[in-house]
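Student: no sequence on this one, just coordinates:
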């Protein structure tokens, strides 16, 4: 009887050990294949951390008067919107347009738009590019941002990625001449539209020049 118990114990232990070894071997082969393809999970985690770092800090208060708006339009499913250099390009352009606003006495806002059907996909895409004051996604090319900046109010090429710089005037009910009239955006006009990775990269390299306009009083 004792010899049978010892036999079963040995047999059972061998099976468990073999299973562990087999699983370990499979995991090792998977890791080796991923490494051969150039994928490193630690690099992915570091990239995610870097995506959240952005020196731009929104001003969460109303700023009546002239304003420059930086609009990024991309897509989680557009290969060109997701190239490795795009986050750095968009961040550089955003900060440069912000400097233009400050130097001309205007406030600044950054808007991110993702032309995706699934909202979570659009949010995850925009997260790569740091901080925005406002984001819009969902409904693909029919979302509110796409309708405004591509098809209707400020029509242009339906392509991603692209950046628009828009000039407008912000009005609030706190201004003496508008007491009780509500919030409003007026005199909105397109200053510049740049489409495509190469054109955006070149624009950044050339100093992000904007067409000359009168400085705000």
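Tutor: Done, it's in. These figures come from a predicted structure and were not determined experimentally. Numbering: from 1, shown residues only.

Student: Residue 73: what secondary structure?
Tutor: strand (DSSP: H, G, I helix; E, B strand; the rest coil).

Student: what pairs with the strand ranked longest in the chain, and is each one parallel or antiparallel?
Tutor: Looking across the chain with DSSP state E, the single longest strand is strand 184-195. Sheet pairing of strand 184-195 (DSSP bridges) gives strand 162-171 (antiparallel).

Student: What mean pLDDT does the strand it pairs with get?
Tutor: For strand 162-171, mean pLDDT rounds to 97.

Student: and that strand, how far out from the chain's middle?
Tutor: Averaging C-alpha positions (CA atoms, centre = their mean, to the nearest Å) puts strand 162-171 18 Å from its chain's average.

Student: next one: stretch 67-81
Tutor: With CA atoms, centre = their mean, you get 7 Å for stretch 67-81.

Student: buried stuff in it?
Tutor: Residues 67-78, 80-81 are the ones in stretch 67-81 that count as buried (16 or more other CB atoms under 10 Å). Yep, even glycine has a C-beta here, placed from its N, CA and C like the rest.

Student: what's the answer for stretch 156-163, then?
Tutor: Across stretch 156-163, burial judged by 16+ other CB under 10 Å covers 160-163.

Student: contacts for that stretch?
Tutor: The contact list for stretch 156-163, computed with CB atoms under 8 Å, 6 or more residues apart in numbering, reads 70-75, 78, 80-81, 86, 90, 93, 115, 141, 146, 149-151, 164, 190, 193-197, 200, 203.

Student: residue boundaries of the strands in this structure?
Tutor: 65-74, 107-114, 134-137, 162-171, 184-195.
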